[in-house]
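Novice: Kindly generate the corresponding structure for this input.
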Amino acid sequence: MIDLRSDTTTQPSAGMRSQMASAPVGDDVFGDDPSVNALQQRVASLAGKESALLLPSGTQSNLVALLAHCQRGEEYLVGQDYHTYLYEAGGAAVFGSIQPQPVPVSTDGSLDLELVRSRIKPDDPHFAMTRLLVLENTHNGKVLGLDYMAQAAEFARRHGLALHLDGARVFNAATELGVDVKEIVRHVDSVSICFSKGLGAPVGSLLCGSGPFIAAAKRWRKMAGGGLRQAGVLAAAIDYALDHHVDRLRFDHAHAKRLAQAMSEIDAITLISSQTNMVFIELPDEDTGVQLGQFLAERGVKVLGGNRMRLVTHLDISAADTETVITLFREYFAS
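Specialist: Model (predicted):
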(Lines give C-alpha, C1' and ligand atoms only; values in the text may rest on other atoms or scores of the structure.)
Protein backbone atom coordinates (compact mmCIF):
# COMPACT_ATOMS: atom_id res chain seq x y z
CA MET A 1 0.00 0.00 0.00
CA ILE A 2 1.22 3.47 -0.95
CA ASP A 3 -0.39 5.92 1.48
CA LEU A 4 -0.20 9.58 0.43
CA ARG A 5 -2.97 10.81 2.75
CA SER A 6 -0.60 12.15 5.41
CA ASP A 7 2.83 11.69 6.95
CA THR A 8 0.97 10.61 10.10
CA THR A 9 0.53 7.17 8.49
CA THR A 10 4.22 6.30 8.91
CA GLN A 11 4.94 2.96 10.59
CA PRO A 12 7.57 2.41 13.30
CA SER A 13 10.58 0.61 11.81
CA ALA A 14 12.05 -2.60 13.23
CA GLY A 15 14.95 -0.62 14.67
CA MET A 16 12.60 1.84 16.35
CA ARG A 17 10.51 -0.97 17.83
CA SER A 18 13.64 -2.64 19.19
CA GLN A 19 14.83 0.56 20.84
CA MET A 20 11.38 1.08 22.36
CA ALA A 21 11.37 -2.44 23.79
CA SER A 22 14.70 -1.95 25.56
CA ALA A 23 14.15 1.58 26.88
CA PRO A 24 14.72 2.19 30.61
CA VAL A 25 11.49 3.51 32.13
CA GLY A 26 10.06 5.03 35.28
CA ASP A 27 6.96 6.98 36.31
CA ASP A 28 7.03 10.19 34.30
CA VAL A 29 4.29 11.86 36.36
CA PHE A 30 6.72 11.59 39.29
CA GLY A 31 9.53 12.76 37.01
CA ASP A 32 11.26 9.39 37.35
CA ASP A 33 11.44 8.19 33.74
CA PRO A 34 15.10 8.47 32.67
CA SER A 35 14.33 8.11 28.97
CA VAL A 36 11.75 10.92 29.06
CA ASN A 37 14.00 13.18 31.12
CA ALA A 38 16.91 12.71 28.72
CA LEU A 39 14.69 13.27 25.67
CA GLN A 40 13.22 16.46 27.10
CA GLN A 41 16.71 17.82 27.71
CA ARG A 42 17.80 16.79 24.21
CA VAL A 43 14.88 18.43 22.41
CA ALA A 44 15.09 21.59 24.54
CA SER A 45 18.73 21.88 23.47
CA LEU A 46 17.88 21.27 19.81
CA ALA A 47 15.29 24.07 20.02
CA GLY A 48 17.59 26.38 21.96
CA LYS A 49 15.11 26.57 24.84
CA GLU A 50 15.47 26.11 28.58
CA SER A 51 13.01 23.25 29.02
CA ALA A 52 10.77 20.83 27.16
CA LEU A 53 7.76 18.66 27.98
CA LEU A 54 6.63 15.41 26.33
CA LEU A 55 2.93 15.24 25.43
CA PRO A 56 0.93 12.55 23.62
CA SER A 57 -0.04 14.65 20.59
CA GLY A 58 0.51 17.89 18.75
CA THR A 59 -3.06 18.95 19.46
CA GLN A 60 -2.55 18.56 23.20
CA SER A 61 0.83 20.28 22.99
CA ASN A 62 -0.70 23.31 21.28
CA LEU A 63 -3.65 23.30 23.69
CA VAL A 64 -1.39 23.23 26.74
CA ALA A 65 0.71 26.04 25.26
CA LEU A 66 -2.36 28.23 24.76
CA LEU A 67 -3.58 27.49 28.29
CA ALA A 68 -0.17 28.36 29.72
CA HIS A 69 0.07 31.62 27.78
CA CYS A 70 -3.50 32.94 28.19
CA GLN A 71 -6.00 33.39 31.00
CA ARG A 72 -9.76 32.93 30.73
CA GLY A 73 -11.35 35.70 28.67
CA GLU A 74 -8.12 36.55 26.84
CA GLU A 75 -7.49 35.94 23.15
CA TYR A 76 -4.90 34.67 20.73
CA LEU A 77 -4.34 35.79 17.14
CA VAL A 78 -4.02 32.92 14.69
CA GLY A 79 -4.23 32.14 10.97
CA GLN A 80 -7.75 31.16 10.01
CA ASP A 81 -6.40 28.12 8.15
CA TYR A 82 -3.85 27.16 10.80
CA HIS A 83 -4.19 23.80 12.51
CA THR A 84 -4.37 25.40 15.97
CA TYR A 85 -7.55 27.23 14.99
CA LEU A 86 -9.24 25.02 12.40
CA TYR A 87 -8.38 21.42 13.23
CA GLU A 88 -8.09 21.18 17.02
CA ALA A 89 -11.79 21.08 17.91
CA GLY A 90 -11.86 24.54 19.51
CA GLY A 91 -10.05 23.15 22.55
CA ALA A 92 -8.69 26.47 23.80
CA ALA A 93 -12.20 27.94 23.86
CA VAL A 94 -13.76 24.81 25.39
CA PHE A 95 -11.17 24.12 28.08
CA GLY A 96 -9.67 27.54 28.69
CA SER A 97 -12.35 30.07 27.68
CA ILE A 98 -9.66 31.56 25.42
CA GLN A 99 -11.02 33.44 22.43
CA PRO A 100 -9.40 32.90 19.02
CA GLN A 101 -9.14 35.85 16.65
CA PRO A 102 -8.55 34.36 13.19
CA VAL A 103 -6.57 36.28 10.57
CA PRO A 104 -6.47 35.47 6.83
CA VAL A 105 -3.39 33.47 5.81
CA SER A 106 -1.24 34.77 2.95
CA THR A 107 -0.46 32.48 0.02
CA ASP A 108 3.04 31.82 1.40
CA GLY A 109 1.64 30.58 4.73
CA SER A 110 2.49 33.74 6.67
CA LEU A 111 0.28 36.32 8.35
CA ASP A 112 0.37 39.93 7.15
CA LEU A 113 1.66 41.65 10.28
CA GLU A 114 -0.13 44.91 9.49
CA LEU A 115 -3.37 42.96 9.26
CA VAL A 116 -2.52 41.23 12.53
CA ARG A 117 -1.93 44.64 14.11
CA SER A 118 -5.43 45.73 13.09
CA ARG A 119 -6.87 42.73 14.96
CA ILE A 120 -5.21 43.56 18.30
CA LYS A 121 -7.86 44.75 20.70
CA PRO A 122 -7.54 48.06 22.55
CA ASP A 123 -7.34 48.01 26.34
CA ASP A 124 -11.08 48.40 26.85
CA PRO A 125 -13.48 46.41 29.09
CA HIS A 126 -15.63 45.66 26.06
CA PHE A 127 -12.93 43.48 24.46
CA ALA A 128 -10.98 40.34 25.20
CA MET A 129 -7.35 41.16 25.98
CA THR A 130 -5.02 40.08 23.17
CA ARG A 131 -2.16 38.07 24.70
CA LEU A 132 -0.66 35.75 22.10
CA LEU A 133 0.26 35.42 18.43
CA VAL A 134 0.34 31.89 16.98
CA LEU A 135 2.22 30.99 13.80
CA GLU A 136 2.60 27.69 11.94
CA ASN A 137 5.80 26.51 10.23
CA THR A 138 5.40 24.67 7.92
CA HIS A 139 1.86 25.52 6.81
CA ASN A 140 0.51 23.26 4.06
CA GLY A 141 4.12 22.44 3.33
CA LYS A 142 5.13 26.08 2.99
CA VAL A 143 8.09 27.39 4.95
CA LEU A 144 8.18 30.64 6.88
CA GLY A 145 11.69 32.02 6.40
CA LEU A 146 14.10 33.22 9.05
CA ASP A 147 13.57 36.90 8.24
CA TYR A 148 9.81 36.58 8.64
CA MET A 149 10.16 34.70 11.93
CA ALA A 150 12.41 37.47 13.27
CA GLN A 151 10.01 40.18 12.06
CA ALA A 152 7.04 38.42 13.65
CA ALA A 153 8.90 38.11 16.95
CA GLU A 154 9.85 41.79 16.95
CA PHE A 155 6.23 42.67 16.12
CA ALA A 156 4.96 40.53 19.00
CA ARG A 157 7.36 42.12 21.49
CA ARG A 158 6.47 45.62 20.32
CA HIS A 159 2.79 44.92 20.94
CA GLY A 160 3.22 43.09 24.24
CA LEU A 161 2.31 39.66 22.84
CA ALA A 162 3.85 36.27 23.45
CA LEU A 163 4.67 34.21 20.34
CA HIS A 164 3.89 30.49 20.00
CA LEU A 165 4.90 28.39 17.00
CA ASP A 166 3.02 25.31 15.91
CA GLY A 167 6.14 23.60 14.60
CA ALA A 168 4.60 20.20 13.97
CA ARG A 169 6.80 19.93 10.85
CA VAL A 170 9.54 22.37 11.82
CA PHE A 171 12.18 19.75 10.97
CA ASN A 172 10.86 19.83 7.40
CA ALA A 173 11.20 23.61 7.45
CA ALA A 174 14.76 23.32 8.75
CA THR A 175 15.61 20.77 6.06
CA GLU A 176 14.23 23.04 3.34
CA LEU A 177 16.12 26.09 4.66
CA GLY A 178 19.31 24.15 5.39
CA VAL A 179 19.51 25.37 8.99
CA ASP A 180 19.18 23.93 12.49
CA VAL A 181 15.74 23.98 14.08
CA LYS A 182 16.96 26.39 16.76
CA GLU A 183 17.58 29.02 14.05
CA ILE A 184 13.89 28.96 13.11
CA VAL A 185 12.53 29.03 16.66
CA ARG A 186 15.15 31.21 18.39
CA HIS A 187 12.78 34.20 18.66
CA VAL A 188 9.56 32.40 19.73
CA ASP A 189 8.46 32.03 23.34
CA SER A 190 7.25 28.47 22.82
CA VAL A 191 7.23 25.85 20.09
CA SER A 192 5.37 22.56 19.69
CA ILE A 193 7.31 19.91 17.72
CA CYS A 194 5.57 16.74 16.54
CA PHE A 195 7.46 13.49 16.03
CA SER A 196 4.64 11.25 14.78
CA LYS A 197 4.55 12.74 11.28
CA GLY A 198 7.49 12.66 8.88
CA LEU A 199 9.90 11.65 11.63
CA GLY A 200 8.02 8.38 12.03
CA ALA A 201 7.45 7.96 15.77
CA PRO A 202 4.09 6.36 16.67
CA VAL A 203 3.20 8.97 19.32
CA GLY A 204 4.50 12.18 20.78
CA SER A 205 5.10 15.92 20.61
CA LEU A 206 7.40 18.08 22.69
CA LEU A 207 6.57 21.57 23.87
CA CYS A 208 9.63 23.78 24.39
CA GLY A 209 10.00 27.09 26.20
CA SER A 210 11.33 28.74 29.34
CA GLY A 211 11.52 26.92 32.65
CA PRO A 212 8.56 28.77 34.22
CA PHE A 213 6.48 28.32 31.06
CA ILE A 214 7.09 24.57 30.97
CA ALA A 215 6.31 24.30 34.69
CA ALA A 216 2.91 25.89 34.00
CA ALA A 217 2.45 23.68 30.94
CA LYS A 218 3.15 20.56 33.02
CA ARG A 219 0.28 21.45 35.35
CA TRP A 220 -2.04 21.99 32.36
CA ARG A 221 -0.89 18.70 30.83
CA LYS A 222 -1.99 16.89 33.97
CA MET A 223 -5.39 18.62 33.92
CA ALA A 224 -5.80 17.76 30.23
CA GLY A 225 -5.19 14.08 30.93
CA GLY A 226 -1.74 14.00 29.36
CA GLY A 227 0.25 12.73 32.33
CA LEU A 228 2.01 9.52 31.30
CA ARG A 229 3.55 6.80 33.42
CA GLN A 230 6.19 4.53 31.85
CA ALA A 231 6.52 6.81 28.84
CA GLY A 232 10.15 5.93 28.18
CA VAL A 233 9.03 3.52 25.47
CA LEU A 234 7.60 6.52 23.59
CA ALA A 235 10.64 8.68 24.30
CA ALA A 236 12.85 5.94 22.87
CA ALA A 237 10.93 6.06 19.60
CA ILE A 238 11.49 9.81 19.35
CA ASP A 239 15.19 9.40 20.18
CA TYR A 240 15.44 6.86 17.37
CA ALA A 241 13.67 9.25 15.00
CA LEU A 242 16.11 12.03 15.86
CA ASP A 243 19.06 9.71 15.27
CA HIS A 244 17.83 8.12 12.03
CA HIS A 245 15.01 10.06 10.38
CA VAL A 246 15.95 13.75 10.37
CA ASP A 247 18.68 13.70 7.72
CA ARG A 248 16.54 11.59 5.38
CA LEU A 249 13.71 14.19 5.23
CA ARG A 250 15.45 15.56 2.14
CA PHE A 251 14.37 12.43 0.28
CA ASP A 252 10.72 13.13 1.12
CA HIS A 253 11.15 16.64 -0.28
CA ALA A 254 12.77 15.28 -3.42
CA HIS A 255 9.93 12.81 -3.94
CA ALA A 256 7.39 15.63 -3.53
CA LYS A 257 9.24 17.73 -6.12
CA ARG A 258 9.18 14.78 -8.52
CA LEU A 259 5.44 14.33 -7.97
CA ALA A 260 4.81 18.04 -8.47
CA GLN A 261 6.76 18.10 -11.72
CA ALA A 262 4.81 15.13 -13.07
CA MET A 263 1.45 16.54 -11.97
CA SER A 264 2.21 19.83 -13.72
CA GLU A 265 2.68 17.95 -17.00
CA ILE A 266 -0.85 16.47 -16.94
CA ASP A 267 -3.24 18.83 -18.73
CA ALA A 268 -6.26 18.03 -16.54
CA ILE A 269 -4.38 18.84 -13.32
CA THR A 270 -3.60 22.28 -11.92
CA LEU A 271 -0.61 22.34 -9.59
CA ILE A 272 -1.59 24.64 -6.70
CA SER A 273 1.57 24.45 -4.62
CA SER A 274 4.45 22.20 -3.70
CA GLN A 275 7.06 22.73 -1.02
CA THR A 276 8.79 20.41 1.46
CA ASN A 277 6.84 17.12 1.49
CA MET A 278 3.39 18.24 0.29
CA VAL A 279 1.88 18.60 -3.16
CA PHE A 280 -1.51 20.26 -3.65
CA ILE A 281 -3.35 19.78 -6.93
CA GLU A 282 -6.72 20.78 -8.34
CA LEU A 283 -8.79 18.51 -10.57
CA PRO A 284 -11.52 19.57 -13.02
CA ASP A 285 -14.40 18.78 -10.62
CA GLU A 286 -15.47 16.83 -7.55
CA ASP A 287 -16.56 13.77 -9.53
CA THR A 288 -13.14 13.49 -11.13
CA GLY A 289 -11.55 13.57 -7.69
CA VAL A 290 -13.83 10.84 -6.36
CA GLN A 291 -13.35 8.62 -9.42
CA LEU A 292 -9.58 9.14 -9.38
CA GLY A 293 -9.50 8.27 -5.68
CA GLN A 294 -11.35 5.03 -6.35
CA PHE A 295 -9.09 4.22 -9.30
CA LEU A 296 -5.99 4.71 -7.17
CA ALA A 297 -7.40 2.79 -4.18
CA GLU A 298 -8.11 -0.22 -6.38
CA ARG A 299 -4.44 -0.17 -7.33
CA GLY A 300 -3.05 0.18 -3.83
CA VAL A 301 -2.71 3.95 -3.48
CA LYS A 302 -4.54 5.98 -0.81
CA VAL A 303 -5.20 9.71 -1.26
CA LEU A 304 -7.37 12.36 0.38
CA GLY A 305 -9.54 14.99 -1.25
CA GLY A 306 -12.07 15.61 -3.98
CA ASN A 307 -11.37 18.15 -6.68
CA ARG A 308 -8.54 19.48 -4.49
CA MET A 309 -6.09 16.81 -3.44
CA ARG A 310 -3.11 16.74 -1.08
CA LEU A 311 -0.28 14.27 -1.73
CA VAL A 312 2.12 13.85 1.21
CA THR A 313 5.46 12.07 0.96
CA HIS A 314 7.16 10.50 3.98
CA LEU A 315 9.61 7.82 5.07
CA ASP A 316 7.35 4.99 3.89
CA ILE A 317 7.19 6.41 0.33
CA SER A 318 10.15 5.38 -1.79
CA ALA A 319 11.38 6.74 -5.11
CA ALA A 320 9.87 3.64 -6.75
CA ASP A 321 6.52 4.32 -5.03
CA THR A 322 6.64 7.87 -6.36
CA GLU A 323 7.12 6.62 -9.92
CA THR A 324 4.25 4.13 -9.45
CA VAL A 325 1.93 6.95 -8.41
CA ILE A 326 2.98 9.07 -11.39
CA THR A 327 2.34 6.17 -13.75
CA LEU A 328 -1.14 5.63 -12.31
CA PHE A 329 -2.06 9.32 -12.60
CA ARG A 330 -0.92 9.35 -16.22
CA GLU A 331 -2.83 6.13 -16.92
CA TYR A 332 -6.04 7.52 -15.43
CA PHE A 333 -5.96 10.78 -17.37
CA ALA A 334 -4.94 9.08 -20.61
CA SER A 335 -8.01 6.85 -20.55
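
Novice: Go ahead and confirm Ala47 touches Asp180.
Specialist: No - proximity of Ala47 to Asp180 does not meet the contact threshold set by Cβ atoms under 8 Å, at 9.4 Å. Just so you know, the C-beta spots here come from the backbone N, C-alpha and C atoms, and that holds for glycine as well.

Novice: more neighbours, those two?
Specialist: Ala47 (27 against 13; other Cβ atoms under 10 Å).

Novice: OK, contacts around the more buried one?
Specialist: Neighbour list for Ala47: Val181, Lys182, Val185, Val191, Ile193, Cys208 [criterion: Cβ atoms under 8 Å, 6 or more residues apart in numbering].

Novice: Just the buried ones from those residues?
Specialist: Val181, Val185, Val191, Ile193, Cys208 (16 or more other Cβ atoms under 10 Å).

Novice: Over to the closest residue to Asp108 other than its chain neighbours: give its phi and psi.
Specialist: Closest residue to Asp108 apart from its sequence neighbours, by Cβ to Cβ, 6 or more residues apart in numbering: Lys142 at 5.8 Å. Dihedral pair for Lys142: phi -90, psi 140, per degrees, to the nearest 10.

Novice: what about the strands in the chain?
Specialist: Remark: strands assigned in the chain by DSSP state E are 2-3, 51-55, 74-79, 99-103, 129-136, 162-166, 190-194, 205-209, 270-275, 278-282, 301-302, 304-305, 308-312.

Novice: wait, which of those strands is closest to Ser335?
Specialist: strand 301-302 (15.9 Å; Cβ to Cβ).

Novice: Of all the helices and strands in this protein, which has the lowest average confidence?
Specialist: strand 304-305 (a mean of 85; mean pLDDT, DSSP states H and E).

Novice: That strand packs against which elements?
Specialist: Packed against strand 304-305, as judged by 3 or more Cβ pairs under 8 Å, 6 or more residues apart in numbering; DSSP states H and E, are no other helices or strands.

Novice: Each with direction, which strands does that strand pair with?
Specialist: strand 308-312 (antiparallel) (DSSP bridges).

Novice: contacts for the partner strand?
Specialist: 4-7, 140, 256, 259, 263, 272, 277-283, 289, 292-293, 303-304, 325.

Novice: try 7 Å this time
Specialist: 4-7, 259, 277-283, 289, 303-304 (Cβ atoms under 7 Å, 6 or more residues apart in numbering).

Novice: what comes up buried for that strand?
Specialist: Met309, Arg310, Leu311, Val312.

Novice: now swap in stretch 314-325 and tell me
Specialist: So for stretch 314-325, counting by 16+ other Cβ under 10 Å, buried means His314, Leu315, Asp316, Ile317, Asp321, Thr322, Thr324, Val325.

Novice: of the contacts of Ala47, closest to Arg157?
Specialist: For the contacts of Ala47, the nearest to Arg157 is Val185 (15.3 Å; Cβ to Cβ).

Novice: Tell me the confidence at the closest one?
Specialist: On pLDDT, Val185 comes in at 98.

Novice: State whether it and Val191 are indeed in contact, as I suppose.
Specialist: Yes - using Cβ atoms under 7 Å, Val185 is in contact with Val191, at 4.5 Å.

Novice: joint contacts of those two?
Specialist: What both Val185 and Val191 touch, as defined by Cβ under 7 Å, 6+ apart, is the set Ala47, Leu165, Gly167, Val170.

Novice: got TSV for these, with distance to Asp108 too?
Specialist: Formatted as TSV, the shared contacts of Val185 and Val191 follow (distance: Cβ to Cβ, whole Å):
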residue	distance to Asp108
Ala47	23
Leu165	16
Gly167	17
Val170	16
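
Novice: Could you save those as CSV and add columns showing pLDDT?
Specialist: Formatted as CSV, these follow (pLDDT from 0 to 100):
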residue, pLDDT
Ala47, 98
Leu165, 98
Gly167, 98
Val170, 98
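
Novice: Any buried residues in stretch 66-84, and which?
Specialist: Those would be 66-70, 74-79, 81-84, for stretch 66-84 by 16+ other Cβ under 10 Å.

Novice: and that stretch, how far from the chain's centre?
Specialist: Here stretch 66-84 is found 16 Å from its chain centre; the criterion is Cα atoms, centre = their mean, to the nearest Å.

Novice: Having no further points to raise, I will conclude here.
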